[in-house]
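1. give me coordinates for this.
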Amino acid sequence: MSRSTLKTSPVALSLLSLKRGQGPQKIAALRVGMIGLAMLGGAFISTPSWAVGQPSYFNSEEVKSTNLRAFKKWTGAQTRYAKEQAASKIGKCGAEKSTKCNFDKWLKFLDGLKGKDVVSQIRAVNDYMNRAPYIVDPVNWGVKDYWATPGEFMSKFGDCEDYAIAKYMSLVTLGYNEDDMRIVAVKDLNLKIGHAVLMVYYKGKPYVLDNQIKQVVPAKTIKHYLPVFSINKTAWWKHIPVGS
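-> Residues are numbered from 1 along each chain as shown. Below is the predicted model:
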């Protein structure tokens, strides 16, 4: 992104106001916000104009785009996940890479949820993934930002977007419609840092699966998140604060 774009973009100005916190979770969350800014830079350039926004969650309006070219970390994770599924029938337990053993544990958990009602499945997936240790990408992968697949997450754990991806793919495996889910990059207005969560629609209403919140909660109950963008397999949405 050019300096001129960085200075003039309202999203850039919002994210530039983030203050680096103390502790690994705050540092990682800030990085997520800045990575979101970097990805959005390409999207702004490739999209010359935006339609009128539609009502969305977290006191925002949203504008949809099916151009995912700027989101290489997300599309890359999906590509690796497809290969991961194919390779899950081979390998040794205890290997660092995702193997049949890792997948068996995950699939056994998901198999135990089949036949249960949707609400119970969503809550169980959120609780199961939230038990994983939080590890920042520079420590885990040796890079500033890495979007992990479910197998990678279960092998090495991860940070906020990795929890969201693992929950997303778990619900897909259970038959949940991807059109009713999004990974959302937000700014935490209380902590002044970036963060990522999974948004799930149930009966038309959005619910939040957050590694920082124990329960699954309605989006309307959260007042301190400002969404920057949200994304799923087929599209992404730019979020604009209501009244801006």
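2. Tyr134 against Phe157, yeah?
-> Yes - if you go by Cβ atoms under 8 Å, Tyr134 and Phe157 touch, sitting 7.2 Å apart. Yep, even glycine has a C-beta here, placed from its N, CA and C like the rest.
3. pLDDT score assigned to Pro227?
-> Each residue has a pLDDT score; the one for Pro227 is 97.
4. what residues are up against it?
-> With contact taken as Cβ atoms under 8 Å, 6 or more residues apart in numbering, Pro227 is in contact with Ser56, Tyr57, Phe58, Ser60, Glu62, Val184, Ala185, Val186, His239.
5. scan those and report the most crowded one.
-> Counting by other Cβ atoms under 10 Å, Val186 has the largest number of neighbours within those, with 30 neighbours.
6. now for the helix or strand containing that residue, which elements pack on it?
-> Val186 belongs to strand 181-188 when assigned by DSSP states H and E. Strand 181-188 sits against helix 24-46, helix 160-173, strand 193-202, strand 225-231, with contacts defined as 3 or more Cβ pairs under 8 Å, 6 or more residues apart in numbering; DSSP states H and E.
7. now that strand, how far from the centre of its chain.
-> Strand 181-188 sits 6 Å away from the centroid of its parent chain (Cα atoms, centre = their mean, to the nearest Å).
8. just give the closest residue to Arg123, not the sequence neighbours.
-> Counting by Cβ to Cβ, 6 or more residues apart in numbering, Val216 is the residue found nearest to Arg123 once chain neighbours are left out, at 5.3 Å.
9. again, but for Val119
-> Leaving aside its sequence neighbours, Val119 sits nearest to Tyr202 (Cβ to Cβ, 6+ apart; 7.0 Å).
10. next, count neighbours for Val139.
-> For Val139, the count of nearby residues is 11 (other Cβ under 10 Å).
11. identify the residues contacting the residue nearest to Val119.
-> Residues in contact with Tyr202 (Cβ under 8 Å, 6+ apart) are Val118, Val119, Ile122, Asp180.
12. one more time with 10 Å, if that's ok
-> Tyr202 makes contact with Val118, Val119, Ile122, Tyr176, Asp180, Val216, Pro218, according to Cβ atoms under 10 Å, 6 or more residues apart in numbering.
13. ok, Lys214 next?
-> Residues counted as contacts of Lys214 (Cβ under 10 Å, 6+ apart) are Asn126, Asp127, Asn130.
14. in ChimeraX, select just the buried ones from the residues you listed.
-> Taking 16 or more other Cβ atoms under 10 Å as the burial criterion, the selection of buried members of those in ChimeraX is written as:
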select :126,130
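15. would you list the contacts of Lys214 in JSON lines and tack on secondary structure, pLDDT and distance to Ala166?
-> JSON lines is the format used below for the contacts of Lys214 (DSSP: H, G, I helix; E, B strand; the rest coil; pLDDT from 0 to 100; distance: Cβ to Cβ, whole Å):
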{"residue": "Asn126", "secondary structure": "helix", "pLDDT": "98", "distance to Ala166": "10"}
{"residue": "Asp127", "secondary structure": "helix", "pLDDT": "97", "distance to Ala166": "12"}
{"residue": "Asn130", "secondary structure": "helix", "pLDDT": "96", "distance to Ala166": "10"}
